[in-house]
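[1] After the sequence you'll find the predicted model.
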Amino acid sequence: MSGTFRALRLNKTDDGQSHEIVELTENDLMEGDVTVAVSHSTLNYKDGLALTGASPVVRVWPIVPGIDFAGVVESSNHAGFQPGDNVILNGFGVGETHFGGYAGKARVNGDWLIKRPDAISPSRAMAIGTAGYTAMLCVMALMDTPTDAGEILVTGAAGGVGSVALALLSKLGYQAVASTGRLEETDYLMGLGASRVIDRATLSEKGRPLDRENWAGVVDAVGSHTLANAIAQTKYGGTVAACGLAQGADLPATVMPFILRGVTLRGIDSVMAPLALRTRAWALLAEHLDMDKLDAMSSTAKLEDLPELGQKILAGQTRGRLIVEID
């Protein structure tokens, strides 16, 4: 049908939620001052939560999920954008309270957009997505750490954040140690730049409040006991960048690493990060991310594949990054 575009829509039901592929028009979109023709989106852990209803991520019904998209501006009443601009969106509640990237078009607040770096194609921008952009924010928090200070631990290493973090840390000259529950992925992780791979079981149970100093820094997407143990094992003056809760939202730790070793715990928020920080992160991704490694960690999917893939990402059955090609 002329003037329509396909979208994945989630609906609230008595039993929870349902999904369907629908045809929408621009009249169905939510308010905003920029309309974007979406070419690509991606699948993040939060998207999996939305698609499955495993956590109350979605707060407006019905919703077009998808917290990321890349595309081209079709129309704009925003001073910063004009038709033809190549743009990226990450976060700002899109896919949660505002229609998101799993549709052929999106109408959003132009303050939520940034211009896509010329060096990154729209497909690769979504191979990066929120997970990769979050990984860059984590690495930025560690960039004051000298490369010869010791090993950097990356937890949840086979996931989206972990995979990109390994590639970035390796490119920047760090010795990155990959922690994973999937040791069969060792070759994949070493290919991304891990100097060695450890079993996540060494970190995932209750540990000592202050343990042996192993890590000059940490990128953690897991939370709970894993994060607590990582903090307890961080060297004097080291930084732990925490961005996820795949194991849990709790932090069963003590203040001892902070007051006896001067460890810094840096919370990493990608959803509401200010424009200047976002722009710098994407510029650094364009400069430092090995695009061959990005391609090696990426696969593609269609809208119809997303409900099943949402279940798989929560079960830890996906690896790397997944690009959603929007028709």
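    It's in. Numbers count the residues shown, from 1 in each chain.
[2] alpha carbons only for contacts and neighbour counts from here, please
    OK.
[3] Any stretches of this protein with poor pLDDT?
    1-2 (pLDDT under 70).
[4] Distance from the longest helix along it to the middle of the chain?
    Ordering each helix of the chain by length in residues (DSSP state H) puts helix 122-142 first. Relative to its chain's centre, helix 122-142 lies at 6 Å (Cα atoms, centre = their mean, to the nearest Å).
[5] same deal with stretch 116-125?
    So, by Cα atoms, centre = their mean, the centroid of stretch 116-125 is 16 Å from its chain's centroid.
[6] try stretch 68-87
    On Cα atoms, centre = their mean, the centre of stretch 68-87 falls 22 Å from the chain's centre.
[7] got it, and stretch 161-177?
    That offset, for stretch 161-177, works out to 15 Å (Cα atoms, centre = their mean).
[8] tell me the SS of Glu20?
    At Glu20 the chain is in strand, as set by DSSP: H, G, I helix; E, B strand; the rest coil.
[9] how many other residues sit next to it?
    For Glu20, the neighbour count with other Cα atoms under 10 Å is 13.
[10] Is it correct that it is in contact with Leu51?
    No - using Cα atoms under 8 Å as the test, Glu20 is too far from Leu51 to be in contact (11.1 Å).
[11] Common neighbours of the two, please.
    Residues within reach of Glu20 and of Leu51 at once, by Cα atoms under 8 Å, 6 or more residues apart in numbering, are Leu10.
[12] sorry, back to before: the longest helix of the chain: which residues count as buried?
    Buried positions in helix 122-142, judged by neighbour count with 16 or more other Cα atoms under 10 Å: 122-139, 141-142.
[13] now swap in stretch 229-245 and tell me
    Here stretch 229-245 shows 229-236, 238-245 as buried, counting by 16+ other Cα under 10 Å.
[14] and Gly237, what element?
    strand 234-242 (DSSP states H and E).
[15] strand partners of that strand, parallel vs antiparallel please.
    strand 215-220 (parallel), strand 264-267 (parallel) (DSSP bridges).
[16] can you map out the helices along the protein?
    With DSSP H as the criterion, the chain has helices spanning 45-52, 122-142, 160-171, 186-192, 224-232, 256-260, 275-288, 291-296, 306-314.
[17] Which one of the ones you listed lies nearest to Asp15?
    Proximity to Asp15 (Cα to Cα) singles out helix 45-52 among these, at 12.3 Å.
[18] Mind putting the helices of the chain into JSON lines with distance to Arg107?
    What follows is the helices of the chain, written out as JSON lines (distance: least, Cα to Cα, whole Å):
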{"stretch": "helix 45-52", "distance to Arg107": "19"}
{"stretch": "helix 122-142", "distance to Arg107": "18"}
{"stretch": "helix 160-171", "distance to Arg107": "27"}
{"stretch": "helix 186-192", "distance to Arg107": "36"}
{"stretch": "helix 224-232", "distance to Arg107": "37"}
{"stretch": "helix 256-260", "distance to Arg107": "44"}
{"stretch": "helix 275-288", "distance to Arg107": "19"}
{"stretch": "helix 291-296", "distance to Arg107": "29"}
{"stretch": "helix 306-314", "distance to Arg107": "22"}
